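S.K.: heads up, no residue letters with this:
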């Protein structure tokens, strides 16, 4: 980021390059943020957890791509308070590809559309109403689009659970970072963590809860 030098293959080995170069740029010697190897380590652990749960299946590959996008969303929202549309588009395309590979296209497409709108549509309506009442933006459009895209991958019940988990995570994040009331708290990281937890145990939690009645 400091010298703008094009990175080679040996500069892009996850974790290894940063450790070998002792956290400094090979070309100009400037310090490289520890965020990069931590992100690579976190994503590697996420891949392992998904593989352990879903085994060697197409679902594993599909969710690995989704988690990679969620990490990109998290970092962009933390840095710039924006969720780029390209991540949303890639996520939708990824889901459509695996729908085509599922062998049950129309059923999967129906479930994906229900999942996509189950949370994003109510949030959009609520956001528009609150915007009118409070005369200011109450929720970023990027967050709603993120719920739409990630919602395509899960049942409506899991999406509702993720919404509640994301709200709790967002509140905790806001308290820990001690943001001023005037400053917007990025919600993308909370949504991303919520969906990660949802893919690991959302269905099981819902089954456990409904089994109590």
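M.R.: Now that the structure is in, tell me what you want to look at. This structure is a prediction, so every number in the text was calculated from the model and none was measured.
S.K.: now for the helix or strand hosting residue 209, which elements pack on it?
M.R.: If you go by DSSP states H and E, residue 209 is part of helix 188-210. The contact analysis (3 or more Cβ pairs under 8 Å, 6 or more residues apart in numbering; DSSP states H and E) places helix 188-210 against helix 35-54, helix 58-80, helix 141-151, helix 156-177. Using the backbone N, CA and C atoms, a C-beta is placed for each residue, glycine as well.
S.K.: Which residues belonging to it are considered buried?
M.R.: For helix 188-210, a neighbour-count test (16 or more other Cβ atoms under 10 Å) marks 188-200, 202, 205-206 as buried.
S.K.: thinking again about what came up before, please name whichever of the helices and strands packed on helix 188-210 is nearest to residue 11.
M.R.: With respect to residue 11, and counting by Cβ to Cβ, the nearest of the helices and strands packed on helix 188-210 is helix 35-54 at 11.0 Å.
S.K.: Just the buried positions in that closest one, please.
M.R.: 37, 39-40, 43, 46, 50, 54.
S.K.: quick revisit: which one of the buried residues of helix 188-210 is nearest residue 25?
M.R.: Closest to residue 25, out of all of these and judged by Cβ to Cβ, is residue 189, at 27.0 Å.
S.K.: got the contact list for the closest residue to the closest one other than its chain neighbours?
M.R.: Among residues not flanking residue 189 along the chain, residue 74 sits closest, at 4.3 Å (Cβ to Cβ, 6 or more residues apart in numbering). If a contact means Cβ atoms under 8 Å, 6 or more residues apart in numbering, then residue 74 has 188-189, 192-193 as its contacts.
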